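Enquirer: have a look; sequence and predicted model below, questions after that.
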Amino acid sequence: MSDDSQQPIVVKRIKKGGGGAHGGAWKIAYADFVTAMMAFFLLMWLLGSTTKGDLKGIAEYFQTPLLVALFGGSGAGDATSVIQGGGEDLTRSHGQVKRGETPSDKRVSEKRMKAEFERLERERLEALKADIEKLIESNPTLQQFKKQLLLDITSEGLRIQIVDEQNRPMFDLASSELKPYTRVILREIGPLLNRVENRISLAGHTDATPYAGGDKGFGNWELSTNRANASRRELVAGGMSDKKVIRVVGFADTVPFDRDNPTAAINRRISIVVMNKRTEEAILGDGKEKVEEVQDASELEASGALSGVR
């Protein structure tokens, strides 16, 4: 054999390179970039739609999370906060003092809330007054008694007065028996009073003419009280909830509508008051405010007797 046959055979395998830059690594980098941009725009949207108070609470939490959790403040036990940490009750917001809020600030805030509540309550009572006036205008039966139905807003609430006319009394003479048309008036008004949550007070009034006849010891005080209670029964018969009534009183002739003429027919009347919350709490004894802030019913009747009368 020749020497050539004994030489090894060398096979060269050539690998083509240089295509690494054209592979799929760039796709991963691009996907990361898109994800980062999406997260950035999502963060910006959340910051733009979050209230200033919530942002402050979140920032405070991440700055001192342990302090917020232990001692409360915005973000800890505040029912309006995004991050709810420790505290007595996570759903309780009343009575809490926010970080940086002084007792004076809290009192101012409570006064503003109270003023806003009273404003909304007055709007509801004025809306009820408007509804009753519309009923009177649209109901032919009530329209003929328009002059005997007096509506106004007082410091107690919405007052509806049904007064006597010289030739058209509401009750039989020296009696608590209602006239048929008085029953109609009360039964038409009754259902409307259910439109608000406010409670009801009824007061009866007589003129200054001494009560004549009847049992001994029975006079204008008893007569005015009986007439107020008879009116209550008719309101309930018309559809008003009996639970709405918390006071039925008689004033006899102590609070005349026409002070210059105490025997005038207009002094004989029934006063229905849809009470505001302040007056209701003073009567029930549950209000936190001093009772003297709410005037006595007789004083309210006297001071506002001619105000707002149409």
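Expert: Good, I have the coordinates.
Enquirer: where's I270 relative to G24, distance?
Expert: Per CB to CB, to the nearest Å, I270 is found 91 Å from G24. C-betas here are computed from N, CA, C, even on glycine.
Enquirer: neighbour count winner among the two?
Expert: I270 (27 against 6; other CB atoms under 10 Å).
Enquirer: need the three-state assignment for T263.
Expert: coil (DSSP: H, G, I helix; E, B strand; the rest coil).
Enquirer: so what's it up against?
Expert: Contacts here follow CB atoms under 8 Å, 6 or more residues apart in numbering; on that basis T263 touches 207-209.
Enquirer: by neighbours, which of those wins?
Expert: When neighbours are taken as other CB under 10 Å, the top entry among these is D207 (21 neighbours).
Enquirer: sec struct for it, please.
Expert: For D207, the secondary-structure state derived from three-state DSSP is coil.
Enquirer: you'd agree it is up against F257?
Expert: No - using CB atoms under 8 Å, D207 is not in contact with F257; the gap is 9.2 Å.
Enquirer: got any residues that touch both of the two?
Expert: Shared contacts of D207 and F257 (CB under 8 Å, 6+ apart): 264, 267.
Enquirer: average pLDDT for the longest helix that the chain contains, rounded please.
Expert: Ranked by residue count and defined by DSSP state H, the top helix of the chain is helix 103-138. For helix 103-138, mean pLDDT rounds to 89.
Enquirer: next secondary structure element downstream of it?
Expert: Counting by DSSP states H and E, the next helix or strand C-terminal to helix 103-138 is helix 140-143.
Enquirer: give me the contacts around that next one.
Expert: 135-137, 149, 181, 184-185, 188.
Enquirer: show residues contacting the helix or strand hosting L46.
Expert: Secondary structure from DSSP H and E places L46 in helix 25-49. Applying CB under 8 Å, 6+ apart, the contact partners of helix 25-49 are L55.
Enquirer: no further questions, thank you.
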